[in-house]
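Trainee: any chance you could fold what I've pasted below:
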Amino acid sequence: MKFQSFLLAAGLLIAGAAQADTVALWTYSPDRNGVISTKPTYTDHGDASFSTLGNVSTTFVSQSGSSDTTTGSMALNTAGYAAQGTGDRTSGVQFSVDTTGFENLFFSFDQRNSATASAWTALLYTLDGENWLEATTFRMLRDSTFVKGLGYDFSNISGVADNANFAIQLVSMFAPGTSSYAATGSGNYGTAGTIRYDVVSFTGTLIPEVEIPEVPEPASLALTLGALAVMAATMRRRKQA
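Mentor: Down below sits the predicted model:
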């Protein structure tokens, strides 16, 4: 990393080895009160949130077939997507995650589409909370079953690491090169289509802490310099003898 190389060049010591860690995770498991919500199951420092885009609404349904086999867990079901030929990349879900203290971010999730849902989903991201860029697109090739471990590696995108404003969106999009949605199944796209998400995860590595070498106290430094001066004078007298 350029930042680490700069610190080494400056003569500073980097403490600790990088370790993989979870930044934020959504598994839609019941909390200690038995309540399931869209709040993250875990966050490293609490700053992670979920929201919907467009007219999308959410419910909790069976997670059968996803990566999460925990008893009592559910999956997040989304509905209310845009009508055919309208709202390209405006309907979906958003996950906001504070990546402060982390680098090498990786995003992963499980997705299950109904037959009439849009086969194409765009992954957008923001570095400032306002401007959105497209990272990649996903195409669901089969309906009514979870596709596990979809994901994207953000480690090479500058600005994602150590960013309190980082967020991603998963939004339905027109089929590439067209002005309409393509259905996931063999029939037609429809607004009754639903998309389920589960095991939404953001992982990364901790940015190593930096230790600055201790600077000697003035008194200690003076003693050291004095001792060196005495040694130098002694060596000169020996050479002159």
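Trainee: could you list everything residue 197 pairs with in the sheet?
Mentor: Following DSSP bridges, residue 197 is listed with bridge partners residue 76, residue 111.
Trainee: whoops, residue 204 was the one
Mentor: Beta-bridge partners of residue 204, as defined by DSSP bridges: residue 21.
Trainee: what about the strands in the chain?
Mentor: 13-15, 20-26, 42-43, 48-53, 57-62, 74-79, 92-97, 102-113, 120-126, 132-139, 147-153, 167-172, 195-206, 209-211 (DSSP state E).
Trainee: centre-most residue in this structure?
Mentor: Nearest residue to the geometric centre of the chain (Cα atoms, centre = their mean): residue 202, 3.8 Å.
Trainee: how close does it sit to residue 178?
Mentor: 32 Å (Cβ to Cβ, to the nearest Å). All C-beta atoms are positioned from the backbone trio N, CA, C, and that covers glycine.
Trainee: counting neighbours, what do you get for the closest residue in space to residue 40 that isn't next to it in sequence?
Mentor: Sequence neighbours aside, residue 48 is the residue nearest to residue 40 in space, at 4.6 Å (criterion: Cβ to Cβ, 6 or more residues apart in numbering). By the measure other Cβ atoms under 10 Å, the count of residues near residue 48 is 22.
Trainee: and residue 120, by the same measure?
Mentor: Neighbours around residue 120, by other Cβ under 10 Å: 21.
Trainee: quick one: contacts for the nearest residue to it once chain neighbours are set aside?
Mentor: Using Cβ to Cβ, 6+ apart and skipping residues adjacent in sequence, the residue nearest residue 120 is residue 173, 4.8 Å away. Contact analysis of residue 173 by Cβ atoms under 8 Å, 6 or more residues apart in numbering lists 88-89, 118, 120-122, 137, 181.
Trainee: same thing but 6 Å
Mentor: Counting by Cβ atoms under 6 Å, 6 or more residues apart in numbering, residue 173 touches 88-89, 120, 122.
Trainee: list the contacts of the residue nearest to the centre of the chain.
Mentor: Counting by Cβ under 6 Å, 6+ apart, residue 202 makes contact with 23-24, 97, 107.
Trainee: so can I have CSV of the residues you listed showing pLDDT, distance to residue 153 and neighbour count?
Mentor: Compiled in CSV, these are given as follows (pLDDT from 0 to 100; distance: Cβ to Cβ, whole Å; neighbours: other Cβ atoms under 10 Å):
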residue, pLDDT, distance to residue 153, neighbour count
23, 98, 14, 27
24, 98, 16, 26
97, 98, 15, 27
107, 98, 8, 24
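Trainee: switch those over to a markdown table; also include distance to residue 152.
Mentor: Below are those laid out as a markdown table (distance: Cβ to Cβ, whole Å):
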| residue | distance to residue 152 |
| --- | --- |
| 23 | 14 |
| 24 | 15 |
| 97 | 13 |
| 107 | 5 |
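Trainee: return the member of the residues you listed nearest to residue 34.
Mentor: Comparing those against residue 34 with Cβ to Cβ places residue 24 closest, at 22.1 Å.
Trainee: which one of the contacts of residue 173 is nearest residue 34?
Mentor: Closest approach to residue 34 among those (Cβ to Cβ): residue 122, at 35.3 Å.
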